[in-house]
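Engineer: What would the 3D arrangement of this be:
(one chain, ligands or ions: 2)
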Amino acid sequence: ESIASSLDEVRNMKMLTTNLLNLARRDDGIKPEIGDIEPNFFNTTFTNYEMVATENGKVFRFDNRIHRVIKTDKTLLKQLMTILFDNALKYTDEDGEIQFEVQLKDKNLLLRVLDNGPGIRDEDKKRIFDRFYRVDKARTRQKGGFGLGLSLAKQIVEAFKGTIQVKDNKPKGTIFEVKLSIKTESRKKNR
Ligand code: ATP
Ligand code: MG
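Structural biologist: Ligands and ions are numbered 1, 2, ... in the order given. Next up, the predicted model:
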């Protein structure tokens, strides 16, 4: 069962590229379709990521601090999480360690993805969210990809009226921090 589940995740990640290209073609912007997400969605996703990481010889740790149902677009959220996880996996070496944290703070969903890869220089930090921008073309070419992941991550974040930031990890590596405003139960209107 767990192998099937992790194979699904790999297929999912392969589909990411196709999805990214489809999303990139849409210039009408992204319209979130809001639905319920159970806290267990994160456990399932992280368990699958863990299997993919292990398969690639990397260490994956996660911390799910979501304990209630939240309302957001599951497909877009998953896409966003996978873009960041895929990068952390792709841009760490054999000793790769990736950590993924999710929590709620004042009506915001906070995502943090930490890795111990080579990090991103300050001058590149400003450009990685641009479409087709890739640091060190020669090195990244052999890793595959289009330089679309983060530009789409940013579009998704903007569709949620959120923010995405990139910081340095210590002693080395990168941290991506995402803040998304989450719909709470709509209050009954008094008429
Ligand atoms: P795609 O996502 O389309 O498969 P990509 O990974 O190259 O290709 P982005 O996800 O947009 O494109 O990332 C842009 C660039 O930012 C990458 O090419 C890489 O140079 C750099 N980058 C992204 N994430 C990390 C990270 N966690 N550590 C180091 N560099 C990163
Ligand atoms: Mg990428």
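
Engineer: Pull the number of nearby residues for the nearest residue to G35 once chain neighbours are set aside.
Structural biologist: Spatial nearest neighbour of G35, chain neighbours left out: K74 (5.8 Å); criterion: CB to CB, 6 or more residues apart in numbering. From N, CA and C alone the C-beta is placed, and that goes for glycine too. As a burial measure, K74 scores 17 neighbours (other CB atoms under 10 Å).

Engineer: Likewise for the one 4 residues further on?
Structural biologist: Here the number of neighbours of K78 (other CB under 10 Å) works out to 15.

Engineer: Go ahead and confirm it touches T44.
Structural biologist: No - look at K78 against T44 with CB atoms under 8 Å: they stay out of range, at 10.3 Å.

Engineer: Quickly list what's touching both of those two.
Structural biologist: By CB atoms under 8 Å, 6 or more residues apart in numbering, K78 and T44 have no common neighbours.

Engineer: about what we covered before: so the residue nearest to G35 makes contact with F42?
Structural biologist: No - in this structure, K74 is not within contact of F42 by CB under 8 Å, at 11.0 Å.

Engineer: OK, contacts around the residue nearest to G35?
Structural biologist: Contacts of K74 (CB under 8 Å, 6+ apart): 35, 37, 41.

Engineer: Mind checking which of these land in strands?
Structural biologist: If you go by DSSP state E, those have 35, 37 in strands.

Engineer: Please report which of the contacts of K74 has the highest neighbour count.
Structural biologist: In terms of neighbours by other CB under 10 Å, the contacts of K74 top out with I37 at 20 neighbours.
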